[in-house]
Each structure stands twice: as C-alpha cells, then as structure tokens.
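> predicted model, plus sequence, below.
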Amino acid sequence: MNFDLTEDRQMLQDTLRRYLADKYGIEHRNKVAYAEPFHDPAKWGELTELGALFALAPEEAGGMGGAGFDIAVVFEELGRTLCPEPVLGALMASRLLTAAGADQEELLAGSKTYAVGLGELDAPYDLTSMTTTVSGGKITGRKSIVYGGQDADAFLIAAKEGDSLSVYEVAASDASVTGYALMDGAGAAEVVLENAPATLILSDAGAAIDDAINAGILALCSEAVGAMDVLHAMTVDYLGQRKQFGRPIGTFQVLQHRAVDMLTEIEQSRSIVIKAAAELGGPDAGKYCSMAKNLIGRAGRLVAEEAIQMHGGIAMTWEYPGSHYAKRIIMIDAQLGDTDYHLARVAQAA
C-alpha cells in the first residue's frame with residue numbers, strides 16, 4: 001500500500017510546517033498559551049489566511065478537503081509545535097455545520113470563531129443524560145470544558161429534545177463564559193446558558209454529533225503523533241550530547257533500546273491514525289477512532305515518561321521544551337475520553 005501524501009496534502013503539510021516553525025517557537029507558544037485569551041489572535045488570523053481551516057471542510061461546504069487524512073495532516077503539524085490555536089473547536093463546528101448544510105464561510109475564513117458545547121459536569125460522555133433544554137427558542141443549561149470557548153464568537157450547543165439530540169447556535173454575548181487555561185496551556189471555557197436565544201441548526205443530530213466527536217478524536221490523535229515525533233527526536237539528540245563517564249550516554253545500549261522502544265510506539269500510533277483517518281465518516285469510524293485514542297493514550301504516556309527519565313532533571317524544567325511536549329501529550333489522553341473510556345467503547349463495539 002502507498003501511504004505517501006497526495007500532492008495537495010504534501011503542499012499543505014510543507015506550508016504549515018514552515019509557517020509554524022517560523023512563527024510558533026516554544027517561547028512564543030508558552031507566552032501566549034498561559035495568558036488570556038490562551039492563544040495568539042494575530043497568529044490565528046495568519047493561520048486561517050494560509051487556508052488551514054479550508055482543509056477541514058469538504059468542497060460542498062466551501063472547503064477543499066474534509067477527509068480524515070486532511071484532518072490528520074493539519075493536526076500533526078499543530079502538534080509538532082504545540083500550537084494552542086482553537087482549531088479543534090473549528091473542526092468540530094465545521095462537521096456539524098456541514099451535516100446541517102449551513103453556511104460556514106465565516107468559520108473557514110476565520111472571521112467568526114466557533115466552539116462546540118457537548119459534555120456537561122454530570123454527563124461528560126453520555127449525551128443522552130444531558131440536562132440542557134430548549135423551550136420557546138431559549139436554551140438553558142451548562143456545558144463544561146468547551147475547547148476554544150474562551151474566545152469564541154458563537155457556540156454550537158447540543159441539547160436533548162425528547163429521545164433525540166439537536167444542535168443550536170448561541171451567540172457568545174448571550175451566554176456566561178468563563179475561560180481558563182488547561183494544564184498544558186490550551187484554552188477552554190465553562191458556558192452557562194440561562195434562557196439564551198438559540199437558533200436551531202440541526203435536529204435529530206445524534207449521528208452528526210458522533211461524527212464531530214470522531215473527527216475531534218482523530219485530530220487529537222494526529223496532534224499527539226506530531227508531538228511524540230518531536231519529543232523523540234529531542235531525546236535522541238540529547239542522548240548524543242549528554243556525556244557521562246567520558247562518552248555520550250547515547251552509546252549505552254540500554255538507552256539505545258529504550259529510544260527504539262519509543263520509536264516503535266510512535267510508529268504504531270501513526271499506523272492506527274492512518275486507519276482511523278481512512279474510516280472517518282464510515283460505519284466503523286467510532287470503533288477505529290476509539291482504538292486510536294486508547295493506543296495513543298498508552299503510547300503517549302510511555303513516550304513522555306521515557307523522554308523525561310532519559311533527559312533527567314532538565315526535562316522537568318519550564319525552560320526546556322521537552323517538559324511542555326510531555327505535558328501536552330499526557331493532556332491529550334484526557335480530552336474527548338481517556339484511555340479507559342475508549343477501551344470500554346471498543347469492547348462495546350466488538
């Protein structure tokens with residue numbers, strides 16, 4: 001099988017890699033990721049001008065991609081620089097708007113930012129147990145850990161109506177939004193809605209919501225692969241420079257074996273991302289996305305822990321980039337369902 005990128009995806013990857021390497025050095029990233037609005041609005045504008053968001057939507061929705069491999073390319077490059085821009089929220093919103101056949105020109109151009117509110121404090125995964133309700137065109141409820149919600153112009157909110165789920169658009173100005181940084185610097189928000197004016201975007205939206213979640217899981221897994229790849233290269237470089245007993249510690253066979261084990265885990269992760277990307281939008285997308293999330297959750301923890309142990313104390317410092325990569329990789333496991341949750345999801349699908 002040929003796993004090479006198409007010409008268009010290769011151009012997209014090259015463009016994003018050059019831009020992010022030039023504009024998102026680790027010092028700048030850490031400066032903007034931990035201070036409101038927990039990303040760089042100027043760089044967000046530049047990123048959208050490059051067409052990154054257009055790669056996340058199909059042609060019929062005004063984009064130029066939208067397939068699983070387009071998503072994987074974009075998010076792997078974001079992961080390589082730990083870019084904190086709110087692309088995940090834009091991706092999930094785009095999937096819902098595409099399902100609804102709604103206009104998303106402003107979203108793709110970056111002039112209007114969206115975030116998607118799904119989980120609640122007492123129903124983080126089981127959306128059928130949510131308590132958000134709609135009455136007379138007004139929506140009431142609370143959505144937790146809304147990725148990118150700290151700086152969104154509008155929210156796409158899932159609400160339960162009878163035995164089905166619907167999606168409503170709510171202006172950020174009509175909601176109470178509390179933004180904050182997650183452990184690794186990425187932005188999120190708590191969104192409280194009290195009789196907020198809401199516009200119906202999509203009714204009977206269960207399948208569309210599942211698709212948006214699967215796309216988000218694929219994005220996070222791809223981001224993790226990019227981050228793990230950089231952390232591994234950083235570790236191998238350090239093993240070649242750090243000396244002990246008069247020679248580089250990379251010459252010690254036990255450390256060589258551990259570095260190879262890291263690489264093996266990364267390549268396994270890349271393989272399952274390829275499978276999940278190929279299945280996105282199909283009947284088995286949920287199963288393969290959960291398989292990817294479970295495997296990458298376990299592999300990411302191993303890679304992060306091995307990198308820290310082989311670096312030694314420097315890996316725990318704020319100034320060394322490796323600590324931030326390790327933190328982001330571990331944080332990804334907690335987003336959109338952790339390792340244990342997705343193991344149960346795979347077992348249920350089987």
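Everything's here; your move.
> which residues of the stretch 1-150 of the chain score low on pLDDT?
1-2 (pLDDT under 70).
> break down it into its helices, ranges please.
Using DSSP state H, counting those that start in this stretch, the helices found in the stretch 1-150 of the chain span residues 7-23, 26-33, 41-49, 68-81, 87-100, 105-109.
> closest one to residue 310 among those?
Of all these, it is helix 26-33 that lies closest to residue 310, at 19.3 Å by C-beta to C-beta. Where you see a C-beta, it was placed from the backbone N, CA and C, and this is true even at glycine.
> name the helices or strands packed onto that closest one?
When contacts are defined as 3 or more C-beta pairs under 8 Å, 6 or more residues apart in numbering; DSSP states H and E, helix 26-33 packs onto helix 321-334.
> average pLDDT across the helix it packs on?
Helix 321-334 carries an average pLDDT of 96.
> now it against helix 26-33, angle please.
Interaxial angle, helix 321-334 versus helix 26-33 (axes from the mean of the first three to the mean of the last three C-alpha atoms, to 10 degrees): 50 degrees.
> next helix or strand past helix 321-334?
helix 339-349 (DSSP states H and E).
> which residues outside that following helix are in contact with it?
Applying C-beta atoms under 8 Å, 6 or more residues apart in numbering, the external contacts of helix 339-349 come out as 125, 284, 286-287, 290-291, 293-294, 297-298, 333, 337.
> swap the cut-off to 7 Å and go again
Under the criterion C-beta atoms under 7 Å, 6 or more residues apart in numbering, residues 125, 286-287, 290-291, 293-294, 297-298, 333 lie in contact with helix 339-349.
> burial measure for the residue nearest to residue 248 when sequence neighbours are not counted, as a count.
Counting by C-beta to C-beta, 6 or more residues apart in numbering, residue 248 lies nearest to residue 240, which is 5.3 Å off, once chain neighbours are set aside. If you count neighbours by other C-beta atoms under 10 Å, residue 240 ends up with 12.
> what do you get for residue 158?
Neighbouring residues of residue 158 were enumerated by other C-beta under 10 Å; the total is 25.
> could you give the bridge partners of it?
In this entry, residue 158 is beta-bridged to residue 167, by DSSP bridges.
> quick one: contacts for residue 33?
Applying C-beta under 7 Å, 6+ apart to residue 33 gives the contacts 84, 181, 185-186.
> show me which of the residues you listed is closest to residue 132.
Distances from residue 132 to the contacts of residue 33, taken as C-beta to C-beta, are shortest for residue 186 (23.6 Å).
> do you know how far that closest one is from residue 73?
20 Å (C-beta to C-beta, to the nearest Å).
> please identify which of those two sits among more neighbours.
Taking other C-beta under 10 Å, residue 186 and residue 73 do not tie; residue 73 has more neighbours (27 against 24).
> from residue 318, how far out is that one?
Distance of residue 73 to residue 318, computed by C-beta to C-beta: 30 Å.
> could you identify which of the contacts of helix 339-349 has the most neighbours?
Neighbour count (other C-beta under 10 Å) singles out residue 293 as the most crowded of the contacts of helix 339-349, with 30 neighbours.
> rewinding a little: please convert the helices of the stretch 1-150 of the chain to a markdown table, extending it with distance to residue 211.
Formatted as a markdown table, the helices of the stretch 1-150 of the chain follow (distance: least, C-beta to C-beta, whole Å):
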| stretch | distance to residue 211 |
| --- | --- |
| helix 7-23 | 21 |
| helix 26-33 | 29 |
| helix 41-49 | 23 |
| helix 68-81 | 11 |
| helix 87-100 | 6 |
| helix 105-109 | 16 |
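> identify whichever of those helices lies nearest to residue 230.
Smallest distance to residue 230 across the helices of the stretch 1-150 of the chain (C-beta to C-beta): 5.2 Å, for helix 68-81.
> give me the nearest residue to residue 32, chain neighbours excluded.
That would be residue 40: by C-beta to C-beta, 6+ apart, it lies 4.4 Å from residue 32.
> let me fix that: residue 300
Spatial nearest neighbour of residue 300, excluding adjacent residues (C-beta to C-beta, 6+ apart): residue 329 at 4.3 Å.
> same question for residue 9.
Leaving aside its chain neighbours, residue 9 sits nearest to residue 73 (5.1 Å; criterion: C-beta to C-beta, 6+ apart).
> check whether that neighbour really touches residue 12, as I assumed.
Yes: the pair residue 73 / residue 12 is scored as a contact, 5.7 Å apart, by C-beta atoms under 7 Å.
> about what we covered before: which residues sit in contact with the residue nearest to residue 9?
Residues in contact with residue 73 (C-beta under 7 Å, 6+ apart) are 5, 9, 12-13.
> make it 10 Å
Shown in contact with residue 73 (C-beta atoms under 10 Å, 6 or more residues apart in numbering): 5-6, 8-13, 16-17, 52, 55, 65, 67, 222, 226, 277.
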